[in-house]
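Asks: Got a predicted structure here, sequence first:
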Amino acid sequence: MPGLTIGDTIPNLEVETTHGKMKLHDYIGDSWTILFSHPGDFTPVCTAELGKMAAYAEEFAKRGVKLLGLSCDDIQSHKEWIKDVEAFSCGCKVTFPIIADPNREIIKQLNMVDPDEKDSNGNQLSSRALHIVGPDKKIKLSFLYPACTGRNMDEVLRALESLQKAAKLKIATPANWKPGEPVVISSSVSDEEAKQMLPQGYQTVELPSKEGYMRFTKV
Ligand code: BEZ
């Protein structure tokens, strides 16, 4: 993904949203934030995705995460569309703001342009991009999906939990990890440090190399 990427600070853009004008850094404050774009209002995959985001909003809020949507449609369109989203998602309310970007300036600066999708007038559209932004306003993780493929909010939640755990302790989460399962201790942590850091202990998997780097613990 060229342009804005992991480790970069989200630009402090002034944006117009369904909740009024705001500066991105003011909205993020000291929280984790999920900033996600969709190609267009009143389209099937986007309606299903926004509905799922609305349904998961409470789970994200429990983890101290704010949500912020974005597409190139205008505010009036977003407000009308939200009624469809809420009806489709069995009444789950869209409580988070959605940015309007009819001039396509914001999607360019946030690296959310889909190179292949255009509207009926040939204007650019946003991809299904999603940045998980930390309280330091830096991007910790990005997803980039094309218009044909809706995102899986379980995966967004799982990735968020991994990031939040790794931000607290020198650990990482292995392939297919799910919350509650053991995590691995980062290679930069010595065995001595791991013993001090983890009073609950850890298990080292024996491998042919005998390097002892595959250390699992529960956190
Ligand atoms: C959809 O949300 O279904 C969609 C939006 C833009 C292009 C293709 C599909």
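Replies: Everything's here; your move. Numbers count the residues shown, from 1 in each chain.
Asks: Give the other helices and strands that the longest helix along the chain contacts.
Replies: If you go by DSSP state H, the chain has its longest helix at helix 44-62. Applying 3 or more C-beta pairs under 8 Å, 6 or more residues apart in numbering; DSSP states H and E, one finds that helix 44-62 makes contact with strand 65-71, helix 75-88, helix 153-168. C-betas here are computed from N, CA, C, even on glycine.
Asks: Check the ones you listed for me and report the most buried one.
Replies: strand 65-71 (a mean of 22; mean count of other C-beta atoms under 10 Å).
Asks: Now do the same for the closest residue to His25 other than its chain neighbours: its pLDDT.
Replies: Leaving aside its chain neighbours, His25 sits nearest to Asn12 (4.4 Å; criterion: C-beta to C-beta, 6 or more residues apart in numbering). We have a pLDDT of 98 for Asn12.
Asks: now do Gly20
Replies: 98.
Asks: For it, which non-adjacent residue is spatially closest?
Replies: Pro97 is the one closest to Gly20 (C-beta to C-beta, 6+ apart), at 7.9 Å.
Asks: So that neighbour is in contact with Leu70, correct?
Replies: No - the pair Pro97 / Leu70 is not scored as a contact, 9.3 Å apart, by C-beta atoms under 8 Å.
Asks: Save the helices and strands packed on helix 44-62 as a markdown table, and put in mean pLDDT and distance to the ligand too.
Replies: Formatted as a markdown table, those follow (pLDDT from 0 to 100; distance: least, C-beta to the nearest ligand atom, whole Å):
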| stretch | mean pLDDT | distance to the ligand |
| --- | --- | --- |
| strand 65-71 | 98 | 10 |
| helix 75-88 | 98 | 11 |
| helix 153-168 | 98 | 15 |
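Asks: mind checking which of those is nearest Gly212?
Replies: Gly212 sits nearest to helix 153-168 of all those, at 20.7 Å, using C-beta to C-beta.
Asks: For the helix or strand just after that closest one, which strands pair with it and how are they oriented?
Replies: Scanning forward in sequence from helix 153-168, with DSSP states H and E defining helices and strands, the next element found is strand 171-172. Sheet pairing of strand 171-172 (DSSP bridges) gives strand 183-185 (antiparallel).
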